[in-house]
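Q: Predicted coordinates and the sequence they were generated for:
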Amino acid sequence: MAIGIYFSPAAMSAEKYDECIKLLKKAGAGNPAGRSYHAAFGPKDKLMVFDVWTSQAAFDKFGKTLMPILKQLGVDSGQPSVMPVHKVIVPAAKVTSPKKQAKASARRQKQ
């Protein structure tokens, strides 16, 4: 069952968030298996995070990489709210030419 996880740290600046993302990518966890959706939002001095995961086990595996990084950055993630996901609605995929698909794929690989 998919779960939604909401983190509201006491204080996570955009700078610390961006550094966390860099460290996760360096650790090979920039796009972890099982994460369907990720959003960071809020004021630049107090960002919050909402993720959708395919399962608690997938999130727990990612947490083994995430939590030491947050500790290294001095970010107290607090106690996340974990809830079952009832429904996710995403826009329909756009149909593009093979040439545009190849360009988009090349851009994603560079990221």
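A: In hand now; what should we look at? Residues are numbered from 1 along each chain as shown.

Q: where does the nearest residue to residue 81 once chain neighbours are set aside land in three-state SS?
A: In space, and not counting its chain neighbours, residue 81 is closest to residue 6: 4.4 Å by CB to CB, 6 or more residues apart in numbering. Every residue, glycine included, has its C-beta placed from N, CA and C. Using DSSP: H, G, I helix; E, B strand; the rest coil, the structure places residue 6 in strand.

Q: With residue 52 instead?
A: strand.

Q: got it, and the one 5 residues further on?
A: Assigned with three-state DSSP, residue 57 falls in the helix class.

Q: List the residues that contact the nearest residue to it once chain neighbours are set aside.
A: With sequence-adjacent residues excluded and distances taken as CB to CB, 6+ apart, residue 57 is closest to residue 34, at 7.8 Å. By CB atoms under 8 Å, 6 or more residues apart in numbering, the residues touching residue 34 are 53-55, 57-59, 61-62.

Q: Alpha carbons of stretch 1-21, in CSV - could you do that?
A: Extracted in CSV, the C-alpha atoms of stretch 1-21 (Å, rounded to 0.1, in the frame of the first residue of the first chain):
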residue,chain,number,x,y,z
MET,A,1,0.0,0.0,0.0
ALA,A,2,1.3,3.5,-0.9
ILE,A,3,2.0,5.9,2.0
GLY,A,4,2.3,9.6,2.3
ILE,A,5,5.0,11.0,4.5
TYR,A,6,5.0,14.6,5.7
PHE,A,7,8.1,16.1,7.4
SER,A,8,7.9,19.4,9.2
PRO,A,9,11.4,20.0,10.6
ALA,A,10,11.8,22.8,13.2
ALA,A,11,14.1,24.6,10.9
MET,A,12,15.3,23.5,7.5
SER,A,13,16.6,26.2,5.2
ALA,A,14,16.5,26.0,1.4
GLU,A,15,20.3,26.0,1.6
LYS,A,16,20.4,22.9,3.9
TYR,A,17,17.7,21.2,1.8
ASP,A,18,19.7,21.8,-1.4
GLU,A,19,22.9,20.4,0.3
CYS,A,20,20.9,17.4,1.5
ILE,A,21,19.8,16.7,-2.1
